[in-house]
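Peer 1: Build me a model from this:
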Amino acid sequence: MTQATPQPNPAEAYEKTIAQNIFVPWRKDMLERAAAKPGETVLDLACGTGIVTRKLVELLGGKGKVVGLDLNPMMLAVARALVPTDVTPVEFHEGSGTEMPFEDGTFDLVVCQQGLQFFPDHAAGMGEIRRVLKPGGRAVVSTWRGLDDQPFMKAVDVVVTKHLGSAGFALPFSLGDTALLEQLARDAGFTQVDAQVVVKDLHIPEPDKFAPAMMMGAAAVLPEFAALSPEERSALIGKMMPDLMAGIAEFIHGEELVMRSATNVLVASV
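Peer 2: Predicted coordinates for the structure are as follows:
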């Protein structure tokens, strides 16, 4: 009897491809703005596989506490396996960013890298960030600019929409309005608010391997992909690969993929 080939875990694929190649390059910018200090209690909201959490643990150097919150149990399983716990205390919680399981005024700092746009109610999410911050606390929140500012992802979106017959990558790029992000923070009660647009060129090796792995990782964040069985997902990705490689050909330079990436970064304090 022939055994079925094990299918990649979408959260593990997300960590190896999307998180390492896209989120790690942005992490430094976010954490420089956040300026986490030893002794602080910090929330990594929508922590995913713990890309930011891991760096926060290092920055606090054993003095303070880091908490990760995410709605996706697969992502949290990867985070728990990868985040070191022998230096700085770390807790992970499964839960919603619009109804956080924390008391008022719990945290000195809340960071949220590319998570708020996925919340069903952006205002409620920002309100919860404000609620769980201590007096004098601060928040750093990033949200991708719209697809028109992401030429590579826009090309990918055309292919995904064609094959998946849905909104494609609209959701991750649905909170691209910088002024709206600032207004959400003001309406939530933040007193000092500043949002800036930051652009980076990301250089990703082995494009022919990255592209299919990226699509597998997207199943961790796109509901339409997540709804498919592993076998259906693999078959769909295989079917879309010729169109995908043709669509991103202009971004491949030699042995690397060059991806222009634009995000809003909000810094707000209570």
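Peer 1: Mind pulling the model confidence for Gly64?
Peer 2: Note on Gly64: pLDDT of 94.
Peer 1: Pretty sure it sits against Glu40.
Peer 2: Yes. With contacts counted by C-beta atoms under 8 Å, Gly64 reaches Glu40, the gap being 4.8 Å. C-beta here means a position set from N, CA and C on the backbone, and glycine is covered the same way.
Peer 1: Need the residues touching each of those two.
Peer 2: Shared contacts of Gly64 and Glu40 (C-beta atoms under 8 Å, 6 or more residues apart in numbering): none.
Peer 1: Helices of the stretch 1-150 of the chain, residue ranges please.
Peer 2: Using DSSP state H, counting those that start in this stretch, the helices of the stretch 1-150 of the chain run over residues 10-14, 24-34, 51-60, 73-82, 122-132.
Peer 1: Identify whichever of these lies nearest to Phe190.
Peer 2: Nearest to Phe190, of all these, is helix 122-132, at 6.1 Å by C-beta to C-beta.
Peer 1: helices or strands next to the closest one in the packing?
Peer 2: strand 107-113, strand 133-144, helix 178-188 (3 or more C-beta pairs under 8 Å, 6 or more residues apart in numbering; DSSP states H and E).
Peer 1: Out of these, which is the most enclosed?
Peer 2: strand 107-113 (a mean of 25; mean count of other C-beta atoms under 10 Å).
Peer 1: That strand to helix 122-132, inter-axis angle?
Peer 2: If you take axes from the mean of the first three to the mean of the last three C-alpha atoms, to 10 degrees, strand 107-113 sits at 150 degrees to helix 122-132.
Peer 1: what helices or strands is strand 107-113 leaning on?
Peer 2: Using 3+ C-beta pairs under 8 Å, 6+ apart as the contact test, the elements touching strand 107-113 are helix 24-34, strand 41-45, helix 51-60, helix 122-132, strand 133-144.
Peer 1: So what's the gap between it and the chain middle?
Peer 2: Counting by C-alpha atoms, centre = their mean, to the nearest Å, strand 107-113 is centred 14 Å from the centre of its parent chain.
Peer 1: who does that strand pair up with?
Peer 2: strand 41-45 (parallel), strand 133-144 (parallel) (DSSP bridges).
Peer 1: Which residues are in contact with the spatially most central residue of the chain?
Peer 2: For the chain, the residue sitting closest to the mean C-alpha position, by C-alpha atoms, centre = their mean, is Gln114 at 4.0 Å. By C-beta under 8 Å, 6+ apart, the residues touching Gln114 are 23, 26, 46, 142-144, 172, 263.
Peer 1: Reformat the helices and strands packed on helix 122-132 as a markdown table; add distance to Leu60.
Peer 2: Output for those, formatted as a markdown table (distance: least, C-beta to C-beta, whole Å):
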| stretch | distance to Leu60 |
| --- | --- |
| strand 107-113 | 10 |
| strand 133-144 | 15 |
| helix 178-188 | 25 |
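Peer 1: about what we covered before: among the strands paired with strand 107-113, which comes closest to Phe152?
Peer 2: That would be strand 133-144 among the strands paired with strand 107-113, by C-beta to C-beta, at 12.0 Å.
Peer 1: Show residues contacting that closest one.
Peer 2: 26, 30, 33-34, 105-114, 116-117, 126, 129-130, 150, 172-173, 175-176, 181, 185, 190, 261-270.
Peer 1: which among these end up buried?
Peer 2: Buried by 16 or more other C-beta atoms under 10 Å: 26, 30, 33-34, 106-114, 116-117, 126, 129-130, 150, 172-173, 175-176, 181, 185, 190, 261-270, out of those.
Peer 1: residues near the residue lying closest to Gln20 once chain neighbours are set aside, how many?
Peer 2: Nearest residue to Gln20, sequence neighbours excluded (C-beta to C-beta, 6 or more residues apart in numbering): Ile51, at 7.9 Å. The local packing of Ile51 (other C-beta atoms under 10 Å) involves 24 other residues.
Peer 1: Low-confidence ranges, the stretch 151-270 of the chain, go.
Peer 2: Applying pLDDT under 70 to the stretch 151-270 of the chain flags residues 167.
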